[in-house]
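Undergrad: Prediction below, plus the sequence it came from.
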Amino acid sequence: MFVFRIYRMQIRELLLCTCAILIVTGMVTLSHTLTNQSHLSSEIKTGILEIDPTTYRVNGNGLSGEAELLGEKIVFFHQIKNEVEKNEWLNLTTPIYMQATFTLEEPETATNRFQFDYRTYLKRKKIHWKVNIQEVAAVTPNHSLGSIFSVIRLRFFDYLNRMLPNAKSKDYIMAMLFNQTDDIDTLAMAAYRKIGILHIFSISGMHIYFLVTTLQYGLLRMGVSRETTYPILLVTILLYAFLIGSGVGIFRAVFTHSFSLVAKMSKREISAKDAFAFAILLALWQNPYLVFSIAFQLSYSLSGLLYFLSPSLEKMRIPSLAKSFLLSLIMTCISGIFLSYHYFEIIWLGMFVNIIFSFFFSYLLFPLFWLLTLLAALKFPVAILSPLSMSMTIALEKLEVVSQQLADTNWLLMITGRQPLLWYLGLAACLLAFLVAFEQRKHLFLWMMLVTLSFFFFYSLPKLNPNGRVIMLDVGQGDALLIKTPFNRDTVLIDTGGVITFNEEEDWKLRKETDYHAKNLVSAIKAEGVGQLDAVFLTHSDTDHIGNLDYLANELPIRHMYIASGMEETATFLAEVSGMHHIPPITSLMGPSQVELNTLAFQVLNPNHKRRGENNDSLVLYSKIGGLSWLFTGDLEESGEQDLMRRYPNLQADILKVGHHGSNTSTSSPFLKRVNPRGAFISVGRKNRYGHPTPEVVERLEAQKISIYRTDLNGAVHFIYNQRQKRIEIMLQ
């Protein structure tokens with residue numbers, strides 16, 4: 001359509017320029033595709049890694065980051081041996097060469113439906129291998145010319161860290177002015193994400209615009225000529241970009257302003273739109289794969305909206321606050337398309353809080369951040385810095401409290417799931433048509449109503465899906481099974497998964513929790529269009545069954561929660577649920593009994609009386625779903641299986657959720673013969689330390705000719721059913 005419009009304009013120079021740009025872009029994309037190959041192999045066991053201290057992270061006794069091996073970019077992981085070595089990595093201020101022995105392996109791919117694919121993400125950065133360092137033989141400084149820039153950056157940040165008062169204000173200054181977000185409280189960042197203002201912490205156009213306009217105003221007020229001011233501004237923003245790195249938003253903002261400044265210096269006119277377009281071309285010519293990045297999609301789509309819509313808004317005779325709200329609403333709609341595709345949700349609350357928070361940061365905190373940084377860099381006394389720092393810290397603490405309260409409401413959060421691409425394209429087309437109507441002042445109300453109806457329809461899509469699913473999610477060495485019936489009438493989760501951590505005696509080894517597995521669980525649930533769980537069953541009190549409960553309850557409303565009778569008195573369960581504010585009242589179950597939902601019923605077979613929360617006290621459930629009978633056994637062991645057969649002599653099921661991850665103490669031959677399943681689901685982690693599932697259990701299943709589905713080999717396993725058919729799909733072939 002764009003090319004056709006250019007052709008219809010009959011401007012020869014414009015047509016030639018457009019063709020040239022398209023040809024160059026195509027050639028650059030082809031070149032990137034052809035050269036995005038690896039010359040390394042898994043047979044390489046030793047080598048020298050070039051490591052830049054600005055690209056790695058120390059977390060407890062873990063070291064990870066990007067490096068170069070034989071001229072090729074890789075990601076590396078290393079377990080630090082002692083506290084002395086950890087301090088050396090923390091205090092490193094120069095790039096190094098590391099001679100080491102290691103293993104090379106391919107990065108992990110997505111194992112749950114629509115999950116973030118780490119392998120694809122790295123490939124788009126031209127990284128093909130993950131290096132697991134086993135032994136470091138030698139470390140030598142890298143004094144090459146390129147390393148000088150890293151040294152300058154490291155020393156600059158070290159100087160700022162020493163000069164700034166040690167308070168919360170320093171953490172925010174380093175995050176919002178210099179892109180160093182590691183020290184911001186993780187709970188606060190989670191709250192900012194949930195209310196839709198996390199973009200404020202990404203250095204982008206707002207930050208660069210504030211820097212440029214403030215500096216320009218100051219220079220002109222000091223009597224500096226415009227001819228001198230423009231080069232100073234250009235050098236300043238390029239130096240600033242060098243210090244904070246070249247993120248997507250930074251690249252766009254810096255080069256958009258740079259093009260404009262260069263044009264002014266050369267006495268040429270260039271519009272902000274043209275400068276923005278040049279920045280897009282430059283970004284894509286540098287790396288065409290950026291177009292798949294949500295950072296690129298959000299940064300350039302929202303910035304483009306501001307450039308093209310602002311003139312129309314300025315002409316409207318409505319109050320400034322109304323203009324801000326209208327702009328925020330349109331930006332929320334556009335960002336909602338990308339957020340729905342990547343994160344399966346749209347945060348409508350953001351259109352309200354964005355106005356307030358942006359004003360708060362832009363006109364209050366940003367000036368104070370820059371002032372405190374400047375005073376600290378000039379070595380002003382603590383007596384001046386501390387009061388300013390403490391006043392900002394108090395304001396930031398209040399901000400975090402308000403953000404957390406807003407996040408706890410789950411207000412105006414729309415869970416959409418991942419829908420077919422065609423629906424997203426249709427929604428985008430409606431929005432574009434609305435923007436054209438907005439600019440031309442034609443049929444505005446009609447298109448506004450159409451966009452509103454489109455979003456409501458989009459939100460309703462999960463509830464219009466006639467397919468039901470039983471999904472054994474891949475949560476590593478843990479259990480989590482999601483059940484959603486057709487049209488989302490019932491949504492049930494059996495266990496939450498979780499990572500068993502082994503207590504370390506030394507504090508220096510403790511790692512900052514990232515909730516990686518919990519995030520994957522919630523993401524996988526949201527991807528299916530589930531915005532609320534009608535019931536959560538916890539079959540056992542071990543961490544690998546309930547460890548992700550806290551994060552899950554914070555992210556998704558839970559209507560009912562059920563546990564095995566006696567489990568509520570176990571130390572593990574009490575430690576897990578203590579302090580939780582988002583879980584519903586807990587119901588203890590023992591059999592024989594039944595839990596009925598809208599379209600599902602679960603028969604409780606075990607425990608038959610209040611017990612101590614051990615493996616054989618697991619909650620055992622039986623249900624009929626999608627025309628098949630299902631038996632979920634938790635961590636039930638052989639003696640528990642015998643007791644179950646004694647109490648239920650006619651027990652049979654089409655699908656058996658294998659107990660205790662395929663441990664040799666479970667899934668006995670007599671039990672398999674009695675239940676007589678056609679399929680066995682085993683939730684187990686790759687290369688787990690327990691050797692699950694054991695060869696004996698696999699042999700027993702194969703001897704009974706039972707189809708085996710296991711998450712370590714197959715990834716997530718989906719049983720899909722509707723009125724016409726039923727089938728099983730696996731993520732990994």
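TA: Happy to help now that I have it. Numbers count the residues shown, from 1 in each chain.
Undergrad: which secondary structure elements does the longest helix seen in the chain contact?
TA: The helix that spans the most residues within the chain, counting by DSSP state H, is helix 382-408. For helix 382-408, the packing partners by 3 or more CB pairs under 8 Å, 6 or more residues apart in numbering; DSSP states H and E come out as helix 168-178, helix 186-194, helix 366-377. (Glycine included, C-beta is placed from N, CA and C.)
Undergrad: Can you lay out those helices as CSV showing distance to residue 309, mean neighbour count and mean pLDDT?
TA: Formatted as CSV, these follow (distance: least, CB to CB, whole Å; neighbours: other CB atoms under 10 Å; pLDDT from 0 to 100):
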stretch, distance to residue 309, mean neighbour count, mean pLDDT
helix 168-178, 26, 21, 85
helix 186-194, 25, 18, 82
helix 366-377, 24, 17, 88
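Undergrad: a markdown table for the ones you listed, including distance to residue 627?
TA: Shown next, in a markdown table, are those (distance: least, CB to CB, whole Å):
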| stretch | distance to residue 627 |
| --- | --- |
| helix 168-178 | 53 |
| helix 186-194 | 39 |
| helix 366-377 | 60 |
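Undergrad: Relative to residue 658, which of those helices is closest?
TA: For the helices and strands packed on helix 382-408, proximity to residue 658 was assessed by CB to CB; helix 186-194 is nearest, at 34.3 Å.
Undergrad: The closest one vs helix 382-408, what angle?
TA: Between helix 186-194 and helix 382-408, the angle comes out at 60 degrees (axes from the mean of the first three to the mean of the last three CA atoms, to 10 degrees).
Undergrad: mind checking the SS state of residue 67?
TA: State at residue 67, reduced to three classes by DSSP: H, G, I helix; E, B strand; the rest coil: strand.
Undergrad: residues in contact with it?
TA: 49-52, 55-56, 73-76, 98, 131 (CB atoms under 8 Å, 6 or more residues apart in numbering).
Undergrad: For residue 558, which non-adjacent residue is closest in space?
TA: Of all residues not flanking residue 558 in the chain, residue 533 sits nearest, at 4.9 Å (CB to CB, 6 or more residues apart in numbering).
Undergrad: Now residue 117: closest residue in space that isn't a chain neighbour?
TA: residue 110 (4.1 Å).
Undergrad: follow-up on the earlier one: what about the helices and strands packed on helix 382-408, which gets the closest to residue 455?
TA: helix 186-194 (19.6 Å).
Undergrad: next helix or strand past that closest one?
TA: Using DSSP states H and E, the next helix or strand after helix 186-194 towards the C-terminus is helix 205-221.
Undergrad: For that following helix, name the packing helices and strands.
TA: Using 3+ CB pairs under 8 Å, 6+ apart: helix 205-221 touches helix 226-244, helix 248-265, helix 366-377.
Undergrad: quick one: average pLDDT of that helix?
TA: Helix 205-221 comes out with an average pLDDT of 84.
Undergrad: now do stretch 560-571
TA: Rounded mean pLDDT across stretch 560-571 is 90.
Undergrad: cool, stretch 623-643 as well?
TA: Mean predicted lDDT for stretch 623-643 stands at 95.
Undergrad: and residue 589, what does it touch?
TA: Per CB under 8 Å, 6+ apart, neighbours of residue 589: 562-565, 595, 604, 619.
Undergrad: can you rerun that using 7 Å?
TA: Applying CB atoms under 7 Å, 6 or more residues apart in numbering to residue 589 gives the contacts 562-565, 604, 619.
Undergrad: Any chance of CSV for the residues you listed, columns distance to residue 218?
TA: CSV is the format used below for the contacts of residue 589 (distance: CB to CB, whole Å):
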residue, distance to residue 218
562, 64
563, 63
564, 68
565, 71
604, 72
619, 67
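Undergrad: Show me which pair in those residues is furthest apart.
TA: The span of those, defined through CB to CB, is set by 563 and 604 at 11.0 Å.
Undergrad: Would you reformat the contacts of residue 67 as TSV and include pLDDT?
TA: Below are the contacts of residue 67 laid out as TSV (pLDDT from 0 to 100):
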residue	pLDDT
49	94
50	94
51	92
52	87
55	85
56	88
73	95
74	95
75	96
76	96
98	93
131	96
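Undergrad: Mind checking which of those are in strands?
TA: Within those, residues falling in strands by DSSP state E are 49-52, 55-56, 73-76, 98, 131.
Undergrad: Please spell out the ChimeraX selection for the buried subset of the residues you listed.
TA: Selecting only the buried entries of the ones in strands among the contacts of residue 67 in ChimeraX, with 16 or more other CB atoms under 10 Å as the criterion:
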select :49,50,51,52,55,56,73,74,75,76,98,131
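Undergrad: Let me know the closest of the ones in strands among the contacts of residue 67 to residue 306.
TA: Once CB to CB is applied, the member of the ones in strands among the contacts of residue 67 that ends up nearest residue 306 is residue 55, at 31.6 Å.
Undergrad: so what's that closest one up against?
TA: Contacts of residue 55 by CB under 7 Å, 6+ apart are 65-66.
Undergrad: what about it, distance to residue 63?
TA: 12 Å (CB to CB, to the nearest Å).
Undergrad: Now do the SS call for the residue nearest to residue 648 when sequence neighbours are not counted.
TA: Leaving aside its sequence neighbours, residue 648 sits nearest to residue 605 (CB to CB, 6+ apart; 6.2 Å). Going by three-state DSSP, the secondary structure assigned to residue 605 is strand.
Undergrad: repeat for residue 140
TA: Going by three-state DSSP: residue 140 is strand.
Undergrad: Neighbours of it, how many?
TA: 10 (other CB atoms under 10 Å).
Undergrad: same question, residue 466
TA: Residue 466: 10 surrounding residues under other CB under 10 Å.
Undergrad: Could you verify my assumption that it touches residue 486?
TA: Yes - counting by CB atoms under 7 Å, residue 466 does reach residue 486; the two are 5.1 Å apart.
Undergrad: So for residue 338, what's the nearest residue that isn't a sequence neighbour?
TA: Spatially, and ignoring its direct neighbours in sequence, residue 338 is nearest to residue 297 (4.8 Å; CB to CB, 6+ apart).
Undergrad: Let me know the helix or strand that the one you found is in.
TA: Per DSSP H and E: residue 297 is located in helix 294-315.
Undergrad: Using PDB, list the CA coordinates for that helix.
TA: Coordinates of each C-alpha in helix 294-315 appear next as PDB, following Å, rounded to 0.1, in the frame of the first residue of the first chain:
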ATOM      1  CA  ILE A 294       9.100  -5.800  21.200                       C
ATOM      2  CA  ALA A 295      11.500  -3.000  22.300                       C
ATOM      3  CA  PHE A 296      11.800  -1.900  18.600                       C
ATOM      4  CA  GLN A 297       8.100  -2.300  17.900                       C
ATOM      5  CA  LEU A 298       7.000  -0.300  20.900                       C
ATOM      6  CA  SER A 299       9.700   2.300  20.700                       C
ATOM      7  CA  TYR A 300       9.300   3.100  17.000                       C
ATOM      8  CA  SER A 301       5.500   2.700  16.800                       C
ATOM      9  CA  LEU A 302       4.800   5.000  19.800                       C
ATOM     10  CA  SER A 303       7.400   7.500  18.700                       C
ATOM     11  CA  GLY A 304       6.000   7.600  15.200                       C
ATOM     12  CA  LEU A 305       2.600   8.200  16.700                       C
ATOM     13  CA  LEU A 306       3.900  11.200  18.600                       C
ATOM     14  CA  TYR A 307       5.500  12.700  15.500                       C
ATOM     15  CA  PHE A 308       2.500  12.200  13.200                       C
ATOM     16  CA  LEU A 309      -0.300  12.800  15.700                       C
ATOM     17  CA  SER A 310       1.000  15.700  17.700                       C
ATOM     18  CA  PRO A 311       0.200  18.400  15.000                       C
ATOM     19  CA  SER A 312      -3.400  17.200  14.800                       C
ATOM     20  CA  LEU A 313      -3.700  17.300  18.600                       C
ATOM     21  CA  GLU A 314      -2.400  20.800  18.800                       C
ATOM     22  CA  LYS A 315      -5.100  22.000  16.500                       C
END
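Undergrad: Perfect, that will be all.
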